[in-house]
Every structure is written in structure tokens, then in C-alpha cells.
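*Asks:* Need coordinates for the below:
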Amino acid sequence: MQTRKVAQNPIDAPSAHHTSTGAPGQEGSLSLPQMLSPQSAEELEAAFLHFVDATRELESSQKRLSDEIYRLTEDLAKSNKDLKLQIEAKGRLAEELSGLLAALPTGVIIVQHGVVYACNEISTQLAYELRVGLPWHLPRQWTAVDDTHFRTGQDQDARVIRPESRDLPLARELILLHDVTATFRARESIEREAKLAAMGRMAAEIAHQLRTPLATATLYAGHLAREQLDPDKRLIFAKQLGRQLVGLESLVSRMMSFLRNQQTNRQVISVGELIEECRQAIGPLFAEKSVVLKIQVSGGEHLLSVQLDQLKGGVISLLENCLEVSNAGAAVELEASVSMSRLYIYIRDEGKGIPAAILDRLFEPFSTQTPGGTGLGLSIAKAAIEAHRGELQARNLRGRGAEFQVVLPVFAPL
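*Replies:* Numbers count the residues shown, from 1 in each chain. Here you go, the predicted structure:
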């Protein structure tokens, strides 16, 4: 009897797409390529190769990163070493600069926004009130010698200081305090020696100037010693002797004023105060001679650092010279004005002018053509003005009269 094959239930039949659960090698088991379609196998192989390439690239990047980290570590170590050497070098340089500043004879002050930021030791010796962190200003005990020099005190051992200012970055200012005491004293000594040399050159002229009035005074004194001298003549001789002695005293006083180099303390006064001092001193002489003194002042509030008696005497000598050549009813003008930190004083008269023969040597001692004059007044005026770092010039005006021009440094008003 022929056996007929019975069709299996599709559910019970093993699917061709399912992997057999039997052991390998058993009939019916399928490999992964057999289980996949040809297209899926190619895609899986390509993905695997891409994974391998990515892994190799990652390994290569990791190696490069490790090499870069090693290189950077070496560079960092080298930079740290160089930085340490630079810090050590800057430390040594700072120590050297600190020692150099301490050894400098010049005071060094650094000011930032008006406050002392740093200073060296010598600066604290020159300015006793100087402290780091305090506002900077010229010490109160300093007195002005001229427009650029200051004396640290009033005693003989006081130093002469010349401040100098320079701008620095970061809104800072460098102030240098130069101790110029030795130079200043040497200059004063040279000036004194020059005065003494001038006195030596003037000795013969002085003897000539003194001989005649002394001889006249001696003659009058001899007459007064006569017992039988008439009382009226005795009175006349006494007056003549007195006049000669007054003339001699005036001559000696003028010569001493010219030769004197005595240092006196300076004081700060205004331009207006100086002119008023001169007016009060010589005004009565103008009134006695009936000569008008016209004064015009502009910028009188500006300040001067002066030895008052010396400078006032110089200006008065110029006014006296103009008064001597002025007749009753004439006028002498004094015009004072300030421009560009300079005081200009013009003194003009209505006389006959300065003779051409003595114009070039007008300010030399004993240069005069005035009868009875000594020629020392203008020399005294020039010495006084130049002692204040000023200038004195003279010229003849057109028509009639002469003009003296005085130029002096001034400070701005407070």
C-alpha cells in the first residue's frame, strides 16, 4: 500500500529565516551569512571595516594627543624655568635700583594723582615733611632764593635745592630734588671776588673822588680852629664843612652799596607793593623839586621773591637819576606791567637825554657827566637788578628824554 505524504502544518515547519537551535554541525543549522541576505551581508561587512578604520584613526589621534601633551608639558616646564629666571633677574635689578636710588645725591620722588607714591632716603632729608601716601607740596620751611631755587632753612647750614619735574606713564610725575648748595655757594663766592676785583680797579678813582672833598673839608676845619675868626664867617665855614662831610658820607655810602655783597633773607611781595615802597621813599624829593611822578601799574598782584632793600634801592636810584635831570614842572613816568612771567618797568624822564659819549658805559662806576655826580647810582641799580636775575637797559627817546627798562622774573598770584 503506497504511503502518502501528509503536508505539515506551516506553523510546525521550521522557517527558513529562523536559526536552528540545534548544535553546530547538526543538519539544519545555518551560518550568519546564510541567514542574511547578500545585500545585508555587504552592509555589515562595510560597517565592520568602517569601525576598524575609525578605531585606527582614534588610536592615531590618541597618540598624537599624547605627543602634543608631552610637548606642551616640556614647553610649560621650560617657560616656568625661564619665568623663574626672569623673576629672579628682576628681583636683583630691583635691589640694585633700590641701592642706586639710596646712594644718589639727588632726591627722587614719584607722585601719583598728587600723592607721594615712592621716594628715596635723601629726599626725606631735604624735605622733612615728606611721607609716602601724603599729598606732595613744597615744604613750608623752604624759602625762595629765586624763581628756580629754594633754601631749606634760615641758618647758615641750610641747603639750596633746585626742584625738577618730569611726567611719567600711568599719570605719575617724577620730581628730582637737586642739591646745588656747593654750586650756589661757589657762585656767590665768585660774585664776591668779582666785586672785590671791581673795588681794586676802582681804587684810583675812589682816591681821586675823595681827595678833593677831603682837602676842602680840612681847609674849612683849619679856618674854624682860628680863635680870632669872625662869628659870621665861623658859621659860614661850619656850614661849608658840614656840606662837604655830608657829600663825603653820601659818596662812601654809595660805594659801599655797590661793593656790598651781604646776603639777606628774601621775601615775597607783590609788584604793587614794590612800586608803592619806591613811591613812598622818593615821593617827597619829587614834591620838594616840584617834579611830577606819574605811576601806572598793570598786573600788580603778581609776586616777586626779593631782597627788598636791595631791589628797592636799585629802582630808587633810577628814579633819582631821572629826578636830577628834570626841571621844576617836568614829569617822570613809571610804568609797570606783567607779561609771560616777566615784570617790565619803564622809567622815563623829560631831560636832555643820555650823552652819546657815555651811553655804552652808562652803568660802569664813575661814568657821569653830571656836575658833582659820582656815577655810582646807576651802577648800584644795575647790580641790584642783576642780583635778582633781572636785566637793565637804557636808551634815548625820540625828541627828548631817556628811558630805563627793567625786566624781572615774577610768579603768578596765589
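
*Asks:* Kindly provide the distance from the spatially most central residue of the chain to residue 148.
*Replies:* Centrality entry for the chain: nearest residue to the mean C-alpha point is residue 164, 3.8 Å, by C-alpha atoms, centre = their mean. Residue 164 sits 9 Å away from residue 148 when distances are taken as C-beta to C-beta, to the nearest Å. Bear in mind the C-beta positions are built from the backbone N, C-alpha and C, glycine included.

*Asks:* Now do the longest helix belonging to the chain, average pLDDT.
*Replies:* Assignment by DSSP state H gives helix 38-103 as the longest helix of the chain. Averaging pLDDT along helix 38-103 gives 82.

*Asks:* From the recorded domain assignment, give the ranges for the protein.
*Replies:* Following automatic domain parsing, one gets these domains for the chain: 51-103, 107-179, 182-263, 265-414.

*Asks:* Include distance to residue 39 when you put these into JSON lines, please.
*Replies:* Conversion of the domains of the chain to JSON lines gives the following (distance: least, C-beta to C-beta, whole Å):
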{"stretch": "domain 51-103", "distance to residue 39": "19"}
{"stretch": "domain 107-179", "distance to residue 39": "76"}
{"stretch": "domain 182-263", "distance to residue 39": "107"}
{"stretch": "domain 265-414", "distance to residue 39": "102"}
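
*Asks:* deepest of those domains, which one?
*Replies:* domain 265-414 (a mean of 17; mean count of other C-beta atoms under 10 Å).

*Asks:* related to what we said a few turns ago, and the domains of the chain, which one's lowest on average pLDDT?
*Replies:* Least confidently modelled of those is domain 182-263, at a mean of 72 by mean pLDDT.

*Asks:* Can you show me the strands along the stretch 301-414 of the chain?
*Replies:* Counting by DSSP state E, counting those that start in this stretch, the stretch 301-414 of the chain has strands at residues 303-306, 331-339, 342-348, 391-396, 402-409.

*Asks:* Nearest to residue 232, out of those?
*Replies:* Of all the strands of the stretch 301-414 of the chain, it is strand 331-339 that lies closest to residue 232, at 39.8 Å by C-beta to C-beta.

*Asks:* Partner strands of that closest one, with direction?
*Replies:* Strand 331-339 has its sheet partners listed here by DSSP bridges as strand 292-297 (parallel), strand 342-348 (antiparallel).

*Asks:* Contacts for that strand, please.
*Replies:* 271, 275, 278, 286, 291-300, 302, 319, 322-323, 326, 343-350, 410 (C-beta atoms under 8 Å, 6 or more residues apart in numbering).

*Asks:* quick one, it and strand 402-409 angle?
*Replies:* Using axes from the mean of the first three to the mean of the last three C-alpha atoms, to 10 degrees, the inter-axis angle of strand 331-339 relative to strand 402-409 is 30 degrees.

*Asks:* How far does strand 331-339 sit from its chain's centre?
*Replies:* Relative to its chain's centre, strand 331-339 lies at 30 Å (C-alpha atoms, centre = their mean, to the nearest Å).

*Asks:* which one is residue 163 nearest to, not counting chain neighbours?
*Replies:* Computed as C-beta to C-beta, 6 or more residues apart in numbering, the closest residue to residue 163 that is not its neighbour in sequence is residue 177, at 5.8 Å.

*Asks:* any chance you could map the helices in the stretch 151-300 of the chain?
*Replies:* Using DSSP state H, counting those that start in this stretch, the helices of the stretch 151-300 of the chain run over 181-224, 231-259, 271-288.

*Asks:* wait, which of the ones you listed is closest to residue 153?
*Replies:* Closest approach to residue 153 among the helices of the stretch 151-300 of the chain (C-beta to C-beta): helix 181-224, 11.5 Å.
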